[in-house]
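Asks: what follows is a predicted structure for the sequence shown.
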Amino acid sequence: MEKMKVLYCVKTGDMKDPDPARRGRLELRDTPIPPLGDEDIRIKVAYCGICGSEPHVIGGIFGWPTPFGLGHEASGVVVEVGKNATKNGLKIGDRVGGNFRTYCGACYYCRNGQEQFCQNATEQPAFAEYLLWHESQAVKLPDAVSLQEGCLLEPVSIGVRVTDKTDMRVGRRVAVSGGGPIGLLVLQLLKIYGATSLTLIEPAPRRRELAKKYGADHLLDPTRQNIVEEGLKITGGLGYDLVVEASGATGAAEAALRLVSNAGTLIYMAMYPGSYDLPLNLYQYCYSKEITITGTFVAPYAFPRTAQILSRLNLEDFTNTIYSLDDYEKAFEAHLSGEYPKVLIRCNPDL
């Protein structure tokens, strides 16, 4: 049976733990290439981005037994098409990105318009030379979108999902807390939506600079400024109509509450520690202010629309740092350093 290289987590643990015995460990393994189903397509993976959630998963947040495969932000080229994979119009040679989750289409949630909660969802690791997807998962990339940019389809879809969960209208005051890749992509999308007083809250100077480049009107450093006081000054004492907390920091999660206007919306879209409970005064925020608090879990029904918007975003800074699949250790070191907006792994050198 033919085999391919796939990156696995073989030991869970904090990837920054100074003790190698406790540190999470990755390993590139030769893995059998799965057979093609009648409605499947086989993709030769070009690029896969390292997601900010990856270190959390490797750290054991979900308690998955090892080994488990990694990677979900993929782009590539279709190299094989199942005999019944005809509904999406895909053909050999098409450049695609897409949804890393396969949904069953039959459970209660799939039939209720909530496929993100599919009871039978499956995933295949995309830090791999090849990827097998059901044809419904793949989206053909527009001609103007490169394969490097195409692997950002999944993270940008999370931003599209955020906008889906807001009552966003032109002129609404918006703050984004956290200038990681998702936060910076969300900021760009909300700028397109007509956000005003658009504020990024972020301690890292380089990320604040990027936010300014992408259209932020105001930049706040939570290590040097009282962000609640400054945010109220920016909004004339009203607070923000929309606050998106994308940092995953527990301190930022609490501060975000105090930035929301009356009847405003607060979206917690990051992955927080599983043991963290948010202190929430229900009288103050839900009764007196009538704020809406929600979150995001993956991006149902967003991928075709995301493909349409990719070429309107500034993605150059997210596609400059690239490592080969064999250099996965250096790639994750670069990601953990926080120095780069995004780190990509090139899974096949000829693409």
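Replies: Cool, got the structure.
Asks: domains in the chain, by residue range?
Replies: In terms of domains, the chain is parsed into 3-156+299-346, 166-295 (source: automatic domain parsing).
Asks: mind checking the pLDDT average for the first one?
Replies: In this model, domain 3-156+299-346 has a mean pLDDT of 96.
Asks: rewinding a little: and the domains of the chain as CSV, adding mean neighbour count?
Replies: Every residue, glycine included, has its C-beta placed from N, CA and C. Converted to CSV, those look like this (neighbours: other Cβ atoms under 10 Å):
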stretch, mean neighbour count
domain 3-156+299-346, 18
domain 166-295, 18
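Asks: identify the residues contacting the particular helix or strand that has residue 307 in it?
Replies: Assigning secondary structure by DSSP states H and E places residue 307 in helix 303-309. The set of residues external to helix 303-309 that reach it, using Cβ atoms under 8 Å, 6 or more residues apart in numbering, is 97-99, 139-142, 145, 153-154, 156-157, 160, 189, 192, 299.
Asks: from these, which land in strands?
Replies: Within the contacts of helix 303-309, membership in strands is found for 97-98, 139-140, as judged by DSSP state E.
Asks: pick the one among those closest to residue 224.
Replies: Within those, distances to residue 224 taken as Cβ to Cβ reach their minimum at residue 97, with 38.5 Å.
Asks: who touches the residue lying closest to the closest one once chain neighbours are set aside in this structure?
Replies: Excluding its sequence neighbours, the residue lying closest to residue 97 (Cβ to Cβ, 6 or more residues apart in numbering) is residue 153, at 3.4 Å. Listed by Cβ under 8 Å, 6+ apart, the contact set of residue 153 reads 73, 75, 97-98, 139, 141, 303, 306-307, 310.
Asks: now tabulate those in TSV and tack on distance to residue 332.
Replies: Output for the contacts of residue 153, formatted as TSV (distance: Cβ to Cβ, whole Å):
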residue	distance to residue 332
73	14
75	19
97	22
98	23
139	27
141	26
303	26
306	26
307	28
310	25
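Asks: nearest to residue 283 among those?
Replies: For the contacts of residue 153, the closest approach to residue 283 (Cβ to Cβ) belongs to residue 306, at 38.7 Å.
Asks: now do the closest one against residue 144, distance only.
Replies: As for residue 306, its distance to residue 144 is 14 Å (criterion: Cβ to Cβ, to the nearest Å).
Asks: what's the answer for residue 218, then?
Replies: Spatial separation of residue 218 from residue 144 under the definition Cβ to Cβ is 31 Å.
Asks: now do the helices in this structure.
Replies: Using DSSP state H, the helices of the chain run over 54-58, 108-111, 147-150, 153-164, 181-192, 205-213, 227-234, 250-257, 282, 303-309, 328-337.
Asks: any chance of those in a markdown table, plus distance to residue 244?
Replies: As requested, the helices of the chain are arranged in a markdown table below (distance: least, Cβ to Cβ, whole Å):
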| stretch | distance to residue 244 |
| --- | --- |
| helix 54-58 | 19 |
| helix 108-111 | 25 |
| helix 147-150 | 22 |
| helix 153-164 | 6 |
| helix 181-192 | 6 |
| helix 205-213 | 13 |
| helix 227-234 | 13 |
| helix 250-257 | 8 |
| helix 282 | 22 |
| helix 303-309 | 17 |
| helix 328-337 | 22 |
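Asks: I'd like the distance between the most centrally placed residue in the chain and residue 48.
Replies: The C-alpha lying nearest the average C-alpha coordinate of the chain belongs to residue 155 (Cα atoms, centre = their mean; 3.4 Å). Distance of residue 155 to residue 48, computed by Cβ to Cβ: 11 Å.
Asks: overlap in contacts of these two?
Replies: By Cβ under 8 Å, 6+ apart, residue 155 and residue 48 have these common neighbours: residue 73.
Asks: which among the contacts of helix 303-309 gets closest to residue 9?
Replies: After measuring the contacts of helix 303-309 against residue 9 - Cβ to Cβ - the closest member comes out as residue 154, at 18.9 Å.
Asks: bridging residues for the closest residue in space to the closest one that isn't next to it in sequence?
Replies: Across the structure, with Cβ to Cβ, 6+ apart as the measure, the residue nearest residue 154 apart from its sequence neighbours is residue 73 (4.5 Å). Listed by DSSP bridges, the beta-bridge partners for residue 73 are residue 49.
Asks: tell me the contacts of residue 201?
Replies: Here residue 201 is in contact with 175-179, 220, 222, 227, 231, 247, 252, 255 (criterion: Cβ under 8 Å, 6+ apart).
Asks: and the nearest residue in space to residue 101 that is not next to it in sequence, what is it in contact with?
Replies: In space, and not counting its chain neighbours, residue 101 is closest to residue 121: 4.9 Å by Cβ to Cβ, 6+ apart. Contacts for residue 121 (Cβ under 8 Å, 6+ apart) come out as 101-104.
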